[in-house]
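J.: Here is my input; please provide its structure:
(one chain, ligands or ions: 4)
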Amino acid sequence: MDQSASNSFLLPIVDAVPISTKHVKVTVVGIGNVGMACAQTILTQELAEEIALVDVEEKKLKGEMLDLQHAGAFVPRTKITADTDYAISAGSDICIVTAGARQREGESRLSLLERNVSIYKSIIPRLVEYSPDTILLIVSNPVDILSYLAWKISGLPPNRVIGSGTNLDSSRFRFLLAERLNVHVQNVSANIIGEHGDSSVPMWSSVTVGGIPLNNFLDKNINGFEMQSLRDIHTAVVNGAYEVIRLKGYTSWAIGYSTANLTRTLLKNQQRIHPVSVYAKGLYGIEEDVFLSLPVQLGRSGVQGMVNAPLAEEEKNQLQVSAQALWQAQQGLSL
Ligand SMILES: NC(=O)c1ccc[n+]([C@@H]2O[C@H](COP(=O)([O-])OP(=O)(O)OC[C@H]3O[C@@H](n4cnc5c(N)ncnc54)[C@H](O)[C@@H]3O)[C@@H](O)[C@H]2O)c1
Ligand SMILES: *[C@@H]1O[C@H](CO)[C@@H](O)[C@H](O)[C@H]1NC(C)=O
Ligand SMILES: *[C@@H]1O[C@H](CO)[C@@H](O)[C@H](O)[C@H]1NC(C)=O
Ligand SMILES: *[C@@H]1O[C@H](CO)[C@@H](O)[C@H](O)[C@H]1NC(C)=O
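T.: Ligands and ions are numbered 1, 2, ... in the order given. Purely as a prediction, here's the structure:
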């Protein structure tokens, strides 16, 4: 053993051959309430070896980085880095974007949207420059429009740009249906598709409870399964985010878990089906160049398949209305 090594805490094993292991890295851009909820859920669920944080607020970045690093004794071993410089994001498998502008006093919705668009124009090219093989997971609102924009700017194939979309709305939907029917939420299979927001579309025709199609219960007039009161649940889903924001000022935990859930499916190549925002032109009679949520199969290369769902006529119509509303909103923007 040579002299210098005996001064080290770890003594080297001379013939240990390094085995190359894939270092899984996730970058989170925007470290507000949502970005930090995503980062900490991904951290505790042991999904990445490295989490890089990026924001424009240098002080806050350092504070959040240190705070997570100080949890090191209690969480899976994960390298936490942070910088305003996108070089820190290099080689990311997934980049989660939650950055956005705060509404100024008296500012119009359109002006706010334009500012959000210009923030994306500054973020997306730099992410792709440092991680050309990344999957972009878009969370900022309006998520469908910003996912479309991110796809356009990034030059990535459409399968590698995904908006968190109605993955969260669907979880709220399942939770409320399960409460109403007094069954375990995991026994309610139900999806919301379309725009994340007001024009979202509940897929009533494919709701199952305990594996049994909802229609069976409706036909038999079983208590709790009346169509009108079930429809009210969709209204409650749409109002859900507003309600949380009214009460606590922002939403964070549910979107954090929803994003971590998508991240797991993608990184572990699980081929699970999730309702997320994807390039939708040509599907279900949608003719516009838009992103909106549809049930798709996700894996390590991003969107790997589209579910060819037998939608009811009404659902198909609502989906097309959702697509037109999004397309309209995109027209006024300097994309
Ligand atoms: N898709 C969903 O289901 C869903 C759910 C909840 C929230 N959201 C959206 O997530 C976004 C974030 O919400 P929040 O509560 O965390 O907001 P926030 O204001 O707390 O955080 C936004 C962060 O973005 C940062 N930022 C601003 N400009 C930036 C830039 N150019 N580059 C990098 N970072 C920049 C800000 O410094 C701030 O830290 C919002 O758009 C919100 O509507 C989406
Ligand atoms: C703009 O971004 C903010 C913060 O990310 C978000 O809350 C808001 O909904 C967005 N609004 C528009 C109109 O783009
Ligand atoms: C209900 O959910 C539980 C937990 O996920 C599962 O084990 C069970 O098989 C489900 N039952 C039916 C009938 O789907
Ligand atoms: C992810 O979400 C699905 C439902 O959409 C659920 O069945 C699954 O258990 C979740 N996985 C984890 C690890 O949370």
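J.: how near is the nearest residue to Ala87 once chain neighbours are set aside to Lys25?
T.: Nearest residue to Ala87 in three dimensions, chain neighbours excluded: Tyr130, at 6.4 Å (C-beta to C-beta, 6 or more residues apart in numbering). Where C-beta positions appear, they are placed from N, C-alpha and C, glycine not excepted. Separation of Tyr130 from Lys25 (C-beta to C-beta, to the nearest Å): 11 Å.
J.: Which residues are in contact with each of those two?
T.: Gly91, Ser92 (C-beta atoms under 8 Å, 6 or more residues apart in numbering).
J.: pLDDT score assigned to the residue in the stretch 51-200 of the chain that ligand 2 sits nearest to?
T.: Across the stretch 51-200 of the chain, the shortest distance to ligand 2 (C-beta to the nearest ligand atom) belongs to Gly100, at 1.6 Å. Looking at Gly100, its pLDDT is 94.
J.: So it versus ligand 1, what's the distance?
T.: 4 Å (C-beta to the nearest ligand atom, to the nearest Å).
J.: State the helix or strand in which that residue lies.
T.: Using DSSP states H and E, Gly100 maps to neither a helix nor a strand.
J.: If we ignore the residues flanking it in sequence, what's nearest Met36?
T.: Glu64 (6.1 Å).
J.: Show me what secondary structure element comes after the one helix or strand the one you found maps to.
T.: Assigned by DSSP H and E, Glu64 belongs to helix 58-69. Next in sequence after helix 58-69, counting helices and strands by DSSP H and E, comes strand 79-83.
J.: What angle do helix 58-69 and that next one make with each other?
T.: 180 degrees (axes from the mean of the first three to the mean of the last three C-alpha atoms, to 10 degrees).
J.: Pull up the pairing partners for strand 79-83, direction included.
T.: strand 50-54 (parallel) (DSSP bridges).
J.: tell me the mean pLDDT for the strand it pairs with?
T.: 98.
J.: Give me the contact list for it.
T.: Counting by C-beta under 8 Å, 6+ apart, 23-31, 35, 39, 42-43, 61, 64-65, 68, 78-84, 86, 88-89, 92 sit against strand 50-54.
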